[in-house]
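S.K.: My questions are about this predicted structure, shown below with the sequence.
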Amino acid sequence: MAALGWGAGEEWVRALYAPLCHQRADRSLALWDVPLAVCGRCTGAYLGAWLGLVLVALRGRPWLRRGALALALAALPNLLDLAGGTVLGLGLATGPRAVVAFPLGVVLGGLLGDALLELALRRSLRRAPPQSSPDRGMHPSWER
Amino acid sequence: MQSRAPSLWTPALIGGAVFGFLAAVPVVNMLNCLCCALILGAGFTAGALLANASKTAGVAFGAAEGTKVGVLAGLMYAVFTSVFQWILSFVVPHPDPAAMLEMIDQFGGEIPPAARQWIEQIASGELSTWMFLVGFFFSLAFGLVFATLGGLIAGAAFRHRPTPPEVPASPPPSAGQPPLGTPHS
C-alpha cells in the first residue's frame, strides 16, 4: 500500500497486525523496497494458510490425512529455527524463514478449512430431514 | 450403553492455566508475537486433551467439540494470564520511568506529552488496577478468537469417531420359512 501511495491504508494494516507480530523491518520481506506489515515467518505462514484454505475450498472435502502428524512435521523446522535463533543465535535469514514457515501455514490452513467444512456440514445435516442424518455426526469422508 | 462425554472444563483449565502462565512470564511471552502462538497453543492443547479423553470414553470428537473447548480455553487463558501477570508484578520490579522514556527516545523520537505521562504512571505502578482490567479485556478478546482457532485446528487434527459396537450376526433363516421381506403369494 505504501508503494502504491496509500499511506493511511498502510498505517491501518500495520496497526491491525501489530498485536500479532513484532513487525521488525530487518526481519520482514520487502515489496518494492517497502517492508511488509508482518515478519518473514508470519508472511510465509499466512501465505501457506491461504493456500491450505484454498485447497480445502477447491476440493470441497478434507485433503489432509493424519493431520496431527503433518502438523508436528511442519512445526519441527520452525521450532528448531526458533530454538537456534534464541539460544544459539543461529537463526535463519528472513527469506529461508518464510520458506520454512510456509508448510506449517499450509497444514494449519488445511486443518482449519477442514474443521470449518465439518461444522458447515453438521449444520446442514441438522437442518436436513432426520432420515438423512443417521448419526448427526461426521461425513464418511472424514473417517480416519 | 451410551458413553458419557468427558467434561470440557478440565482440558480447558489445563490449557488455559499452562499457556496463561507462559504468557505472563516476561521473555517467554514474546512467543505471542508469532501469530499469538501461546493463545493458539492454549486452545490446541485443550482440544488435544479432550480428544484423548473422548477416545478413552468412546465418544466422537470433531470440530464442534474443538470449538467449544477452545472458547473455554480462551476464557481460562484470559483469567490465568491476568492473575499471573498481577502476581508477577509484585515479584518483578517496576522499570525506572526515566530509563524507559530514555530508551523510547533513542528508538522512536518524539513522544506526545500525554503518552509520556501515561508511561510514567504505568512504570510507577499508579495505574495497576486500570492496567489489570485493560490487560484482562485484551487477553479475553484475543483469547476468545485465537484459542477458538486452536481448538478448531485440534478438532480437525485429532478427529475420531467411536467404533460402533459389534452387532451379533442374525441367525440364518430356517428351511421352511421364507426370508424376511419376501412377498407372500
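M.R.: Perfect, I can see it now.
S.K.: Could you find the closest non-adjacent residue to the residue nearest the centre of chain B?
M.R.: The centre of chain B sits closest to B:Gly43, judged by Cα atoms, centre = their mean, with a distance of 2.7 Å. Once flanking residues are discounted, B:Gly43 sits nearest to B:Gly150: 2.7 Å by Cβ to Cβ, 6 or more residues apart in numbering or on different chains. In short, each C-beta sits where N, CA and C put it, glycine included.
S.K.: okay, now that neighbour: neighbour count?
M.R.: 34 (other Cβ atoms under 10 Å in any protein chain shown).
S.K.: Chain B against chain A: which residues are in contact?
M.R.: B:30, B:33-36, B:60, B:62-64, B:66-67, B:138, B:142, B:149, B:152-153, B:155-161 (Cβ under 8 Å from any Cβ of the partner chain).
S.K.: what's near enough to touch the residue nearest to the centre of chain B?
M.R.: B:15, B:66, B:69-70, B:73-74, B:146-154 (Cβ atoms under 8 Å, 6 or more residues apart in numbering or on different chains).
S.K.: same thing but 7 Å
M.R.: With contacts defined as Cβ atoms under 7 Å, 6 or more residues apart in numbering or on different chains, the neighbours of B:Gly43 are B:Gly15, B:Gly70, B:Ala73, B:Gly74, B:Phe146, B:Ala147, B:Thr148, B:Leu149, B:Gly150, B:Gly151, B:Ala154.
S.K.: Please apply the same query to B:Asn29.
M.R.: B:Ala23.
S.K.: separation between it and B:Ala37?
M.R.: Distance of B:Asn29 to B:Ala37, given as Cβ to Cβ, to the nearest Å: 10 Å.
S.K.: And for A:Leu69?
M.R.: On the measure of Cβ to Cβ, A:Leu69 and B:Ala37 end up 20 Å apart.
S.K.: Then B:Gly58?
M.R.: Per Cβ to Cβ, B:Gly58 is found 33 Å from B:Ala37.
S.K.: Looking at the two now, which is surrounded by more residues?
M.R.: B:Ala37 (21 against 15).
S.K.: what's the closest non-adjacent residue to the more buried one?
M.R.: Nearest to B:Ala37 is B:Leu31, by Cβ to Cβ, 6+ apart, at 4.9 Å.
S.K.: so that neighbour, which of the three states?
M.R.: helix (DSSP: H, G, I helix; E, B strand; the rest coil).
S.K.: residues near it, how many?
M.R.: When neighbours are counted by other Cβ under 10 Å, B:Leu31 registers 19.
S.K.: Just to check, it is in contact with B:Leu38?
M.R.: Yes: applying Cβ atoms under 7 Å, one finds B:Leu31 in contact with B:Leu38, separated by 5.1 Å.
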